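Asker: structure of the sequence below:
(2 chains)
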Protein chains: 2
Amino acid sequence: MPSNLQILLDTRPVGEASAGNFKLVTAETPALQDGEVLVRHHFLSLDPYMRGRMNDAKSYAAPQALGQVMQGGTAGEVLESRSPKFKPGDTVVGMGGWQQFSVVNAEQVGALRKVDTAHVALSHYLGAVGMPGVTAWYGLVKIIEPQAGQTMVVSAATGAVGSAFAALAKARGCRVVGIAGGPEKCQYATAELGFDACLDYKQHADALSLSKALALACPNGVDGYFENVGGMVMDAVMMRMNAFGRIALCGMIAGYDGKPLPMSYPALILMSRLKIQGFIVSEHMEVWPEALKELGTLVATGKLRPRETVAQGLAAAPEAFLGLLKGKNLGKQLVKLI
Amino acid sequence: MPSNLQILLDTRPVGEASAGNFKLVTAETPALQDGEVLVRHHFLSLDPYMRGRMNDAKSYAAPQALGQVMQGGTAGEVLESRSPKFKPGDTVVGMGGWQQFSVVNAEQVGALRKVDTAHVALSHYLGAVGMPGVTAWYGLVKIIEPQAGQTMVVSAATGAVGSAFAALAKARGCRVVGIAGGPEKCQYATAELGFDACLDYKQHADALSLSKALALACPNGVDGYFENVGGMVMDAVMMRMNAFGRIALCGMIAGYDGKPLPMSYPALILMSRLKIQGFIVSEHMEVWPEALKELGTLVATGKLRPRETVAQGLAAAPEAFLGLLKGKNLGKQLVKLI
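Answerer: Numbers count the residues shown, from 1 in each chain, chains lettered A, B, ... in the order given. You can find the predicted model right below:
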């Protein structure tokens, strides 16, 4: 069996996460038992939720255990199989973690999913046609419930979730406005991702200033908001929500480093009769087939052309992850492992 | 026609509302036109929402106009009628405002509603079997959607909305925990209103302390929360919400004096996958018949025995209203006008 580079969570962050929280080790890959499959990872997905799990705090998921391989989505190929469900050469996605290889119990429902790479590149199954894409789909379709002609806003607009959100909302006849950090991302959002407008929050010192810019970009107000960030950006968008607006709350990356970020004007929930709903896409597996079908078609037909930022080699994962938390990536952040 | 004592909004509050914001005047009652009805008010309803309308701020309703009669719900009897729909002696509820008499266009749908006082006292149509009762019903039934065995919490527990909420939630097999200000109210909540427990928020210096007390009163966590208050109380309850909890946001009386009250831990919306929804009961007239039927039955059968605090005479209305905003009333605050 091959030897296996792994990255463990070595220490928990105090404030910002740092490279010192991670530890690169080499392990042996255990021999397969009946029903197990050996997967070689081609890509590791890096996602903001991982930062939350590095804290030892009550949340929807158990914290990432210290001394264990960092959890994470992976796409790869089956090398060996002792399960009738998979054969060597199958392309698969799963939660293999921050390592080169994983041994998966193929009998466990949902642990490993075969994917077709004829029309969609393997890496996209970790992004637009994977968890981030379904996240955008669920928030838009099941919580925001958009109507044609309405205005949708998404923060972290050029990330894997935001870019899928834009394509899905445009397909439903909505005006879509993004919020992102920096002119390059905003340019990319409007030029390539189909956003009708994109605002650079770094140009605004406070929520009121950003809110005024939003008013210009959203002349009919905001009907639906997909929130990845929290804090000042969320305050600004809430000021522009129309009556009966809906906010899908999927991430609050701005608050992941420990200090709780308040919501400044919760009275707006009442005044504008808003609905705010938090969700975790892994708790809604029933929508995945429908969502993945639409997302796969959008990618295969070129209506969603997500960019990727790809770090090379497992050892580069911590730095790439820390960069993701600071918004240094453009589009989906991946690590290529072969 | 009788002369008519009225209270006008004279000036807008800066910070706390005060008696000086109101002005007592005497006006003539105009002669009836075809389709109009003259109503003599027996009771004026005082409600927290009136404080919000005294501000000249963007909200769901237009601000109360300066120099005009304060808006408000009234219950009374028809004195004269030039409408075939009403006859002298009919008992009616409407939005007659802070005055002794009103002339109502009976052709306007919903302006005046005949009520039966055989089994329900007239005053209750301004409370448990009126707008506050329907408010509790809508938040519980349409937003919180309780299930038997779940735990419900309501702030301003002994008010007109809170007391109706308790009876409605108990009827659905829920554990109901109130939050109120002072030992007298808490005693009343458990002894007479059917609350399983009631916490005195004034015993707690901060949200964390109140939250710890809540944990004892809600051993299975909180599944539904009806929010009338905002601020520290809302922060405390949010910390105890179970996964997939629902919060109906109906009032934020703690923030009505001008300084915006933040929500301290909005990340809990995500971590606990909460739904928070603001609503205004007057926008959901379609539920009123069903809600009023249930509420009327609860009162007629003695399952909901709401107390009232009754001020005597229109001139006493401002002081009674200011007392309501400080929580000095017990149960529904009314002004008796005859």
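Asker: what is the burial count for the residue nearest to A:Q71 when sequence neighbours are not counted?
Answerer: Leaving aside its chain neighbours, A:Q71 sits nearest to A:G97 (5.4 Å; criterion: Cβ to Cβ, 6 or more residues apart in numbering or on different chains). Any C-beta I mention is one placed from the backbone N, CA and C, and that applies to glycine too. Counted by other Cβ atoms under 10 Å in any protein chain shown, the residues lying close to A:G97 total 20.
Asker: and A:G97, what is it in contact with?
Answerer: A:G97 sits next to A:Q6, A:V69, A:M70, A:Q71, A:G72, A:T74 when contact means Cβ atoms under 8 Å, 6 or more residues apart in numbering or on different chains.
Asker: could I get those as TSV with secondary structure and neighbour count?
Answerer: Putting the contacts of A:G97 into TSV (DSSP: H, G, I helix; E, B strand; the rest coil; neighbours: other Cβ atoms under 10 Å in any protein chain shown) gives the following:
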residue	secondary structure	neighbour count
A:Q6	strand	20
A:V69	strand	19
A:M70	coil	24
A:Q71	coil	17
A:G72	coil	24
A:T74	strand	28
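Asker: let me see the contact set for A:V222.
Answerer: Contact partners of A:V222, counting by Cβ under 8 Å, 6+ apart, are A:T151, A:M152, A:V153, A:V177, A:L214, A:V237, A:R240, A:M241, A:N242, A:G245.
Asker: wait, the second one touches A:G178, no?
Answerer: No - counting by Cβ atoms under 8 Å, A:M152 does not reach A:G178; the two are 9.5 Å apart.
Asker: tell me which of the two has more neighbours.
Answerer: Taking other Cβ under 10 Å, A:M152 and A:G178 do not tie; A:G178 has more neighbours (31 against 27).
Asker: which residue, neighbours along the chain excluded, lies closest to A:L214?
Answerer: What sits nearest to A:L214 in space, not counting adjacent residues and going by Cβ to Cβ, 6+ apart, is A:R240, at 4.9 Å.
Asker: can you tell me how far that neighbour sits from A:P63?
Answerer: According to Cβ to Cβ, to the nearest Å, A:R240 stands 36 Å off from A:P63.
Asker: between those two, which is the more surrounded one?
Answerer: Neighbour tally, A:R240 and A:P63, criterion other Cβ under 10 Å: the higher count belongs to A:R240, 23 against 15.
Asker: return the residues in contact with the more buried one.
Answerer: So A:R240 contacts A:V153, A:S211, A:L214, A:A215, A:C218, A:G221, A:V222 (Cβ under 8 Å, 6+ apart).
Asker: strands - which of those land there?
Answerer: Taking DSSP state E, the ones among the contacts of A:R240 that sit in strands are A:V153, A:V222.
Asker: out of the contacts of A:R240, which comes closest to chain B?
Answerer: Nearest to chain B among the contacts of A:R240 is A:G221, at 12.0 Å by Cβ to the nearest Cβ.
Asker: and the residue positioned nearest the centre of chain A, helix, strand or coil?
Answerer: The residue lying closest to the centre of chain A (Cα atoms, centre = their mean) is A:P132, at 4.0 Å. What DSSP: H, G, I helix; E, B strand; the rest coil gives for A:P132 is helix.
Asker: assumed A:N242 was part of a strand.
Answerer: Yes - A:N242 forms part of a strand when assessed by three-state DSSP.
Asker: hmm, A:Y225 and it touching each other?
Answerer: No - using Cβ under 8 Å, A:N242 is not in contact with A:Y225; the gap is 10.4 Å.
Asker: okay, and the helix or strand of chain A with the least pLDDT?
Answerer: None of the helices or strands of chain A scores lower by mean pLDDT, DSSP states H and E than helix A:49-54, at a mean of 90.
Asker: in its sheet, what does the next helix or strand after that helix sit against?
Answerer: Sequence-wise, the next helix or strand beyond helix A:49-54 is strand A:74-81, with elements assigned using DSSP states H and E. When pairing is defined by DSSP bridges, strand A:74-81 lines up against strand A:36-45 (antiparallel), strand A:91-94 (antiparallel).
Asker: touching chain B at all, stretch A:112-132?
Answerer: No - Stretch A:112-132 stays clear of chain B (Cβ under 8 Å from any Cβ of the partner chain), getting no nearer than 15.7 Å.
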